[in-house]
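S.K.: Show me how the following folds:
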Amino acid sequence: MFRSRQTCGRLGILVVQAVVMGCNINEAPSVEKLHSDTNPSKAFIFSERDIQGIYGNSDVDSAIYQYTSNESTAEKFWERVAARAEESNWAFAADQEKTRRYLRIRPRTGQQRFHSVEEVRIACDARTMKVTVAWVQADTSDLPDDLPEDGEGDFAKREIWPKFEELTR
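M.R.: Residues are numbered from 1 along each chain as shown. Below is the predicted model of the structure:
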């Protein structure tokens with residue numbers, strides 16, 4: 001009996017280690033993932049160099065990354081952002097100093113249970129042309145007009161947006 005308890009205990013520890021070590025929900029996106037067509041915020045990556053994933057979360061779909069823009073001025077950069085956002089169905093939501101906010105809302109269709117809302121915040125430092133992008137996606141049962149304040153929206157308010165603000169100071 002003692003031997004089987006000991007074996008079960010060791011097995012339990014191995015299972016916990018495998019889950020913890022093999023399932024990292026907070027992992028910065030790789031350069032390959034950022035350039036992939038599956039990246040929902042890919043429209044905001046262009047004319048870049050030195051792209052780097054900063055933060056990612058697979059539990060609450062979100063990512064933060066930075067790159068240096070090759071655009072000659074911030075004005076040209078923002079013109080390209082506006083054009084690319086429109087091409088990818090992102091709607092301009094707000095302009096706050098050096099940060100712009102975009103939303104993309106996808107109503108549920110067919111068998112889907114939830115509507116989807118995505119928010120991107122993008123900042124560009126005009127002196128260095130360093131660009132910071134933060135993206136989050138939320139599911140909601142009611143058709144939203146903005147990122148919800150609960151669930152994923154609350155997570156973004158506590159985790160994503162403060163990290164973004166810290167990087168853009």
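S.K.: Which stretches in this structure count as strands?
M.R.: 48-57, 62-69, 91-96, 99-106, 115-125, 130-140 (DSSP state E).
S.K.: I'd like to know how many residues surround the closest residue to residue 84 other than its chain neighbours.
M.R.: Of all residues not flanking residue 84 in the chain, residue 43 sits nearest, at 4.5 Å (C-beta to C-beta, 6 or more residues apart in numbering). The C-beta positions use only the backbone N, C-alpha and C, and glycine is treated the same way. For residue 43, the neighbour count with other C-beta atoms under 10 Å is 19.
S.K.: Kindly report the same for residue 25.
M.R.: Neighbours around residue 25, by other C-beta under 10 Å: 9.
S.K.: what are the phi and psi values for the closest residue to it other than its chain neighbours?
M.R.: Nearest residue to residue 25 in three dimensions, chain neighbours excluded: residue 59, at 4.5 Å (C-beta to C-beta, 6+ apart). Backbone geometry at residue 59, expressed as degrees, to the nearest 10, gives phi -80, psi -50.
S.K.: For residue 59, grab the count of nearby residues.
M.R.: That count, for residue 59 with other C-beta under 10 Å as the rule, works out to 10.
S.K.: go on, the one 5 residues further on?
M.R.: Here the count is done by other C-beta under 10 Å, and residue 64 has 25 residues near it.
S.K.: List the contacts of it.
M.R.: For residue 64, the contacting residues are 53-56, 132-135, 160, 163-164, 167, by C-beta atoms under 8 Å, 6 or more residues apart in numbering.
S.K.: Look up the pLDDT of it for me, please.
M.R.: pLDDT, the model's per-residue confidence, is 98 for residue 64.
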